[in-house]
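Q: sequence first, predicted model second:
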Amino acid sequence: MHRHYCITRYVLINPCRASISSIALGLWIALFLLAGSLTLLANDVPATPQTADSRAKALLARMSLDEKIGQMMQVDMNALKDKADVKNYCLGSVLSGGDSDPADITPDGWAKAVADYQAWAFRTPLKIPLLYGIDAVHGHNNVKGAVIFPHNIGLGATRNPRLVEQAANVTAQEVAATGIRWAFAPCIAVAQNPRWGRTYESFGATPELAELMGPAVVRGFQGPDMGADSVLACAKHFIGDGGTSDGVDEGNTVCDEPTLRRIHLPGYQAAIKAGVGSVMVSFSSWNGKKMHGNHYLVTDVLKGELGFQGIVISDWAAINQLSHDYQADIETGINAGLDMVMIPAGPGEPDNYQDFARLLKRLVAEKRVSQERVDDAVCRILRVKYQLGLFEEPFADSRLTAAVGSPAHRAVACECVRQSVVLLKNTGATLPLSKKVKRLLVAGRGADDLGIQCGGWTIDWQGRTGEVTTGGTTLLAAIRKTVTPDTQVIFSADGTDPSPADVAVVVVGELPYAEMKGDRTDLALDAKDQTLIDRLKQRGLPIVTVLLSGRPLILGDALAKSDALLAAWLPGTEGQGVADVLFGDYAPSGKLPCAWPRSMSQVAANSATAPDSSPLFPYGFGLTYPHPGNAGATARAGEAGAAGKSF
């Protein structure tokens, strides 16, 4: 029995095990299926087993040019002028960009919204299901109650691909619970300059980390083989996005081809070997040529040399940057090898899906885009949809909804946090702290701010400070939970509380940001954070500094004035993982995924990863301290080595 029937049956027969909203969604789907006279069966797909490729080719032969062009469009939810245009234009995909959310962002609300779009797809003559996409880059990060994992730079510090695969699988379950089957992850950029605002989306500064962690995420999303239980992974951004000059987002990567292949290609080779079903092309350029128009790298190398058989998707309105002529942009991008084009609408993005459909049809009629190129693109899209079982199972499995943000899922995220924390300094065995300390001062605006703890791509595209609707545990709350009842925990955001204390935990770092707005020319620790550390140092307190950041920051005097210093990166919703390290329930095991620069002059030279650059802390650095759990840490380190890489 196909899963969409099972969903309805499950909800109707087992109401005690489903929420009221889940029951409503199940009834809605049931009514839709009945009203459509079981439209999936009307798709006239042969019942005998066939390969996804042969089924895709058979369906392709029945399609009109308009239907084919529709499959090549991925339209943002907010860009659709009318939901009926899913049917009118035979759209192949809808996405929700960073801020494109339904009014109800609960799991059930998302599932209902996605099902609404899917219903329109089944009103088309061939009833080809939508493949809905979303940027689930560190958990299902636009969903109320979802668990948020550390950003990739923290996962890179774990050196544990098995744990990262488990995290991706949790994310896949939460994504599938909302009816979405395409996640735009993993980002396997190799970040070479921390001034880049997307550094935290990279696993680290070496191709080995991209090779190690990228396939782990692919396996977590898609499983050992892509199928009905898979969420489509997307390796991004092809290619060289992490190597742009001065770390400028969407900038220019200047290097010869051997260097491009040595640093930026291995992650894609490994992801393709792991079976990744889609690849997103980068906004950036290589030696002045935009990647979205680079036929050699997209078609000759990615599709030809590497043998990639999946979908090549554009980035957000990225073809618009090729020229000032939208028709020319479509011609260049499709001929370069794009199979599907992401089409948003907003300020500065006047071109829309209606223009795309009309202009691509004209280009085919004028033989400026060949029918063969269109057929290749559409066949790839259909093949992936068949591999995912979308024709048989197009709707959310409501049985997954109850697990969104569950304790079991949060436990995986907490373990990711524990293993990601890197201990950079520990003078005089300041750490671990005693849970019986009499008076503990916790200072810093990030100590009790879930938004700062999660960073960008959390509910909002750029992130936000303060409470976020994902729920979770701030570091302050985790500390209060960890210490004994006799311990007095004093919280002072600016450190001015004069209450006596025995030790201070100071939480400093960056405010949330994402692409475009995250680039920085100066990575110095914020002056307010420096002042906070100075203020507490003058009181003669032992200072434990916890740094929340998406990249290495220039620490200045903060390092010397701290008795212990932890790089906690952007840990996500589970602050308990940081507290577990602070108080010795878990020995720090994280290793730097990039070298830590001493100064901006070192960053400017793009030399932070060079062996002779004399960084403040080298790549792979990370202290620990003995405690009963060290055997577990050693075993986890062995897991990473068992995967074939040792760092």
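A: Received, thanks.

Q: and the closest residue to I105 other than its chain neighbours, what does it touch?
A: In space, and not counting its chain neighbours, I105 is closest to K144: 4.9 Å by CB to CB, 6 or more residues apart in numbering. Using the backbone N, CA and C atoms, a C-beta is placed for each residue, glycine as well. Neighbouring residues of K144 by CB atoms under 8 Å, 6 or more residues apart in numbering: 105-107, 469-470.

Q: mind checking the SS state of the most centrally placed residue in the chain?
A: In the chain, the C-alpha nearest the mean C-alpha coordinate belongs to V137, at 1.2 Å (CA atoms, centre = their mean). Here V137 is recorded as coil under DSSP: H, G, I helix; E, B strand; the rest coil.

Q: these two touch, right, it and I188?
A: No - using CB atoms under 8 Å, V137 is not in contact with I188, being 11.9 Å away.

Q: report pLDDT for the residue nearest to the centre of the chain.
A: For V137, the model assigns a pLDDT of 98.

Q: what residues are up against it?
A: Counting by CB under 8 Å, 6+ apart, V137 makes contact with 151-152, 183-185, 187, 201, 457.

Q: make JSON lines from these and add distance to G288 to it.
A: Formatted as JSON lines, the contacts of V137 follow (distance: CB to CB, whole Å):
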{"residue": "H151", "distance to G288": "30"}
{"residue": "N152", "distance to G288": "28"}
{"residue": "A183", "distance to G288": "32"}
{"residue": "F184", "distance to G288": "26"}
{"residue": "A185", "distance to G288": "29"}
{"residue": "C187", "distance to G288": "23"}
{"residue": "E201", "distance to G288": "24"}
{"residue": "W457", "distance to G288": "29"}
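
Q: name the member of those with the most neighbours.
A: N152 (33 neighbours; other CB atoms under 10 Å).

Q: find the nearest non-adjacent residue to that one, please.
A: Counting by CB to CB, 6+ apart, N152 lies nearest to F203, which is 4.9 Å off, once chain neighbours are set aside.

Q: likewise for A501?
A: Going by CB to CB, 6+ apart, A501 has L441 as its nearest residue, at 3.8 Å.

Q: equivalent analysis for I311, please.
A: S278 (4.4 Å).

Q: hmm, A235 and that neighbour touching each other?
A: Yes - between S278 and A235 a contact is recorded at 7.5 Å, counting by CB under 8 Å.

Q: hmm, back to that, the residue nearest to I311: neighbouring residues, count only.
A: With neighbours defined by other CB under 10 Å, the count for S278 comes to 24.

Q: that one and G227, how far apart?
A: For S278, the distance to G227 equals 15 Å [CB to CB, to the nearest Å].

Q: before we move on, what about Q327?
A: 39 Å.

Q: so for the two, which residue has more residues nearby?
A: The neighbour count for Q327 versus G227, taken as other CB under 10 Å, is higher for Q327 (18 against 12).

Q: what's near enough to touch that one?
A: The contact partners of Q327, taken as CB under 8 Å, 6+ apart, are 359, 362-363.

Q: so which of those residues belong to helices?
A: Taking DSSP state H, the ones among the contacts of Q327 that sit in helices are 359, 362-363.

Q: what subset of these is buried?
A: Neighbour counting by 16 or more other CB atoms under 10 Å classes 359, 363 among those as buried.

Q: isn't P266 right up against E211?
A: Yes - the pair P266 / E211 is scored as a contact, 4.9 Å apart, by CB under 8 Å.

Q: out of these two, which sits in the busier spot?
A: E211 (23 against 20).

Q: ok, how many other residues are close to K561?
A: Neighbour count for K561, taken as other CB under 10 Å: 18.

Q: residues near the nearest residue to it once chain neighbours are set aside, how many?
A: Excluding the flanking residues, the one nearest K561 by CB to CB, 6+ apart is K537, at 4.6 Å. Residues near K537, counting by other CB under 10 Å, number 19.

Q: and if you look at A402?
A: Using other CB under 10 Å, A402 has 14 other residues around it.

Q: what of F617?
A: Using other CB under 10 Å, F617 is surrounded by 21 other residues.

Q: and for T427?
A: T427 - counted by other CB under 10 Å - has 12 other residues nearby.

Q: how close does the closest residue to it other than its chain neighbours sit to L424?
A: In space, and not counting its chain neighbours, T427 is closest to D563: 4.9 Å by CB to CB, 6+ apart. From D563 across to L424, the span is 12 Å (CB to CB).

Q: which one's more surrounded, these two?
A: The neighbour comparison of D563 against L424 (other CB under 10 Å) goes to L424, with 23 against 19.

Q: doesn't the more buried one fall inside a strand?
A: Yes - under the criterion used here (three-state DSSP), L424 sits inside a strand.

Q: where along the stretch 201-350 of the chain do the helices fall?
A: Secondary structure of the stretch 201-350 of the chain by DSSP state H, counting those that start in this stretch: the helices cover 207-222, 257-264, 266-273, 295, 326-336.
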